[in-house]
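>>> no sequence on this one, just coordinates:
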Ligand SMILES: Nc1ncnc2c1ncn2[C@@H]1O[C@H](COP(=O)(O)OP(=O)(O)O)[C@@H](O)[C@H]1O
Ligand SMILES: Cc1ncsc1CCOP(=O)(O)O
Ligand SMILES: [Mg+2]
């Protein structure tokens, strides 16, 4: 029998580390879901910061433990601040994740996402349509989310089977997952274990939330409640982390 990587117990332990360490996550987040993403990081145990100011980004990234970069509302100023943030993160060894939101809508955004991928992100995460265009990412962890999340690096493949269809009916669950993954990367050096654990925690939280919500509207706050309240036991009992072969 193959032992799932990471085990559900490891996922529970990494969540506990986040809650103890309270990592700072700087987010260059799109303007649509800043509040939801910041709330997601906070309730899971991290401390978000959100400024996009070119003058301040060096101080914020220097003080952060991890960085999440989201291309959802991209303009010339944001491109500049993103490139500077990446430079500072790389120089100070901070892990970062990029979410190439809507790169399937815009060739210039896709080109920018590809440029960022050459700058050594730990993780690239997008939905199916986005990741189809991104293709392989040989030097980073690749995550394609959806009804099942597929994660891979050069040698390992993991899938997370948790979650709920209402996640796709609430704007920003993918963006929020980028923030939560960054918080987990801040406390766990193995970025694949960190990301798989983060997605198991969000997926199980969604399942718990859906059981007491009436639809996407009531699901959104219930999801934040569940992310805040989820226990190690919930993860051990409900997380479905599976190794993929080949
Ligand atoms: N049908 C579904 N069933 C279960 N989980 C889902 C479903 N659709 C999306 N998710 C979850 O919602 C989150 C966002 O995924 P996705 O919809 O692929 O990204 P995005 O919001 O960027 O389009 C992920 O955590 C994913 O696991
Ligand atoms: C609708 C929209 N437009 C620009 S960013 C954004 C939010 C995307 O959020 P997600 O990809 O997590 O659903
Ligand atoms: Mg998205």
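Perfect, I can see it now. Keep in mind the model is a prediction, meaning the values are calculated, not measured. Ligands and ions are numbered 1, 2, ... in the order given.
>>> show me where pLDDT drops low in this structure?
Counting by pLDDT under 70, the ranges of the chain that qualify are 1-2, 246.
>>> Might you report the residue contacts of residue 62?
Neighbouring residues of residue 62 by CB atoms under 8 Å, 6 or more residues apart in numbering: 88, 92. C-beta here means a position set from N, CA and C on the backbone, and glycine is covered the same way.
>>> For it, grab phi and psi.
phi -60, psi -40 (degrees, to the nearest 10).
>>> Could you see whether ligand 2 lies near the helix or strand where residue 194 lies?
Residue 194 is located in helix 191-210, with elements delineated by DSSP states H and E. No - against ligand 2, helix 191-210 shows no contacts by CB under 6 Å from any ligand atom, the least distance being 11.5 Å.
>>> who does that helix touch, helix- and strand-wise?
helix 8-21, strand 123-126, strand 141-144, strand 149-152, strand 157-160, helix 173-187, helix 216-229, helix 232-238 (3 or more CB pairs under 8 Å, 6 or more residues apart in numbering; DSSP states H and E).
>>> let's see 6 Å
With contacts taken as 3 or more CB pairs under 6 Å, 6 or more residues apart in numbering; DSSP states H and E, helix 191-210 sits against helix 8-21, strand 149-152, strand 157-160, helix 173-187, helix 216-229, helix 232-238.
>>> For this structure, what lies in contact range of ligand 3?
Within the chain, the positions near ligand 3 by CB under 5 Å from the ion are 101, 174.
>>> can we see that at 8 Å?
Contact residues (CB under 8 Å from the ion) of the chain with ligand 3: 70, 72, 99, 101-102, 126-127, 130, 172, 174-175.
>>> so what's the residue nearest to residue 197 when sequence neighbours are not counted up against?
Distances taken as CB to CB, 6 or more residues apart in numbering place residue 11 nearest to residue 197, at 3.8 Å, with adjacent residues excluded. The neighbourhood of residue 11, defined by CB atoms under 6 Å, 6 or more residues apart in numbering, consists of 197, 200, 235, 239.
>>> and which of the residues you listed is nearest residue 83?
Nearest to residue 83 among the contacts of residue 11 is residue 197, at 29.5 Å by CB to CB.
>>> The closest one - how many residues pack around it?
Neighbourhood size, residue 197 [other CB atoms under 10 Å]: 31.
>>> Okay, whichever residue of the chain sits closest to ligand 3 and ligand 1: tell me how far apart.
The nearest approach of the chain to ligand 3 comes at residue 174, 3.3 Å away (CB to the ion). Separation of residue 174 from ligand 1 (CB to the nearest ligand atom, to the nearest Å) stands at 2 Å.
>>> which residues touch that residue?
Residues near residue 174 by CB under 6 Å, 6+ apart: 127, 145.
>>> Taking this protein, what residue is nearest to ligand 2?
Residue nearest to ligand 2 within the chain: residue 72 (2.6 Å; CB to the nearest ligand atom).
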